[in-house]
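Colleague: One predicted model, sequence on top.
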Amino acid sequence: MFDFDQWIDRRPTRALKWLKYEGTDILPMWVADTEFKAPPAVIKALSERVEHGIFGYSRPSPQLTELIIKRMADLYDWHIDADWLVYMPGVVPALNLACDTFTEPNSNIITAKPIYYPFLHAPGFHGRKAAYVDMVEQDGRWLLDLTQLEEQAKHSDLFLLCNPHNPGGTIYTQAELQAINDIAERHNVIVCSDEIHCDLLLDEGKPHIPYAAVSDDAANRSVILMAPSKTFNIAGLCCSFAIIPNPKLRQQFTRAARGIMADVNLLGFVAAEAAYQDGDDWLAAQLVYLRENRDLLVTRLNQVSGVRVLSPEATYLAWVDISALKLDDPVGFFEQAGVGVSPGGQFGGSDFIRINFGCPRAMLEQALDRMISAIAAR
């Protein structure tokens, strides 16, 4: 019904992912968008809106707000109010806005390491200091070092959480989130949780739990960031939202955004509504495909001497340990082999690379063949 094997030529579209390697044979497996067409319902809704022909300023429909409220209840048993929603043009701008809103200059902001690189940069952009907490391997999963988190929380006002975690793909459990919130509560730390990958769950039976749904205290101290962009491959349309239960935090957040934060793209609103209304069958099929891609990648790379990867529970991004290969320039090495990967150092883990496996299987197989052959030929 949905053809995820279709290899679509994106090069004529000025796609960032492909533009980086324009004029080469390098397969781009780096930036986090997929090679899949958006759901048919999304394409249809966008086509109809474009046919209308007028693209002035816009606001979200009441239907979109109701769809989000219903989605939170149906998927997470999390019951939110409409006035908790704050629409934003992107999760990264919202993350930066949280840094500026809830902390003072020169104060500490906690973030994990490794983590999606805007987390690492955001504190410094606003004259704050980043306080790092290591992600450590525990029973085949990447988890926060809670001892470090406890120590950093004593001297910080804000914690930037990534749930599910990027890179690494950890889906935090109720107990793990509760342990984080216990620390946040003890030291009165606000938690801004990026949950943009919350729909991309690859391990069946492991649910996503929004940080704010853990307890009343967690809800009262949190800003939850979500979007349909990664799930339905519509990131370029720039539509996301914050869910802020605490009215005081919400007021601070919205006041700080005035005159600075752009409105959401009107086509982003259209796409989001169509995705949440009619995209779930497509999403279910995509998850089956991504699980098979993940399993292929994990199996093949773990058979290579000097390479190790823990199976990600969520996302379409693999965090690959190549420390044993002792490469001086890992990205350059794999580019020479014809594969463009993300440098681990960008995320705070220089002994790793990140690989995007959200692509047709033939593309993934070709990339793995190239990488494995290059390693064997060293």
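Modeller: On my side now, so go ahead.

Colleague: Identify the residues contacting the closest residue to Met226 other than its chain neighbours.
Modeller: In space, and not counting its chain neighbours, Met226 is closest to Glu195: 5.1 Å by Cβ to Cβ, 6 or more residues apart in numbering. Heads up, the C-betas are built off the backbone N, CA and C, glycines and all. Contact analysis of Glu195 by Cβ atoms under 8 Å, 6 or more residues apart in numbering lists Asn163, Pro164, His208, Pro210, Tyr211, Ile224, Leu225, Met226.

Colleague: swap in Gly56?
Modeller: Leu266.

Colleague: sorry, back to before: among the contacts of Glu195, pick out the one closest to Ile43, please.
Modeller: Met226 (22.1 Å; Cβ to Cβ).

Colleague: what residues are up against the closest one?
Modeller: By Cβ under 8 Å, 6+ apart, the contact list for Met226 reads Val91, Glu195, Ile196, Cys198, Ser240, Phe241, Ala242, Ile243.

Colleague: mind checking pLDDT for Met1?
Modeller: pLDDT, Met1: 82.

Colleague: That one and Ala285 touch, don't they?
Modeller: Yes - assessed by Cβ atoms under 8 Å, Met1 is found in contact with Ala285 at 6.8 Å.

Colleague: residue ranges for the strands of this structure, please.
Modeller: Per DSSP state E, the chain carries strands over the ranges 27-28, 85-88, 108-113, 129-138, 141-144, 156-162, 190-194, 222-226, 240-243, 308-309, 317-321, 339-340, 342-343, 352-356.

Colleague: which one of the ones you listed lies closest to Phe55?
Modeller: Proximity to Phe55, assessed across these by Cβ to Cβ, is greatest for strand 85-88 (17.4 Å).

Colleague: Partner strands of the closest one and their direction?
Modeller: Within its sheet, strand 85-88 is paired with strand 240-243 (antiparallel), according to DSSP bridges.

Colleague: before we move on, the earlier item: go through the contacts of Glu195 and say which is closest to Asp100.
Modeller: For the contacts of Glu195, the nearest to Asp100 is Leu225 (14.7 Å; Cβ to Cβ).

Colleague: Would you mind extracting the C-alpha trace of stretch 17-29 into PDB?
Modeller: The C-alpha coordinates for stretch 17-29 follow below in PDB (Å, rounded to 0.1, in the frame of the first residue of the first chain):
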ATOM      1  CA  LYS A  17      20.900  16.300   2.800                       C
ATOM      2  CA  TRP A  18      21.800  15.800  -0.900                       C
ATOM      3  CA  LEU A  19      23.200  19.200  -1.600                       C
ATOM      4  CA  LYS A  20      26.100  18.600   0.700                       C
ATOM      5  CA  TYR A  21      27.400  16.000  -1.700                       C
ATOM      6  CA  GLU A  22      26.300  17.500  -5.000                       C
ATOM      7  CA  GLY A  23      28.300  16.200  -7.900                       C
ATOM      8  CA  THR A  24      29.500  13.100  -6.100                       C
ATOM      9  CA  ASP A  25      28.400   9.500  -5.700                       C
ATOM     10  CA  ILE A  26      28.300   9.800  -1.900                       C
ATOM     11  CA  LEU A  27      25.100   8.500  -0.300                       C
ATOM     12  CA  PRO A  28      24.000  11.000   2.300                       C
ATOM     13  CA  MET A  29      23.100   9.200   5.600                       C
END
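
Colleague: Name the residues of that stretch that come out as buried.
Modeller: Within stretch 17-29, the residues that count as buried by 16 or more other Cβ atoms under 10 Å are Lys17, Trp18, Tyr21, Ile26, Leu27, Pro28, Met29.
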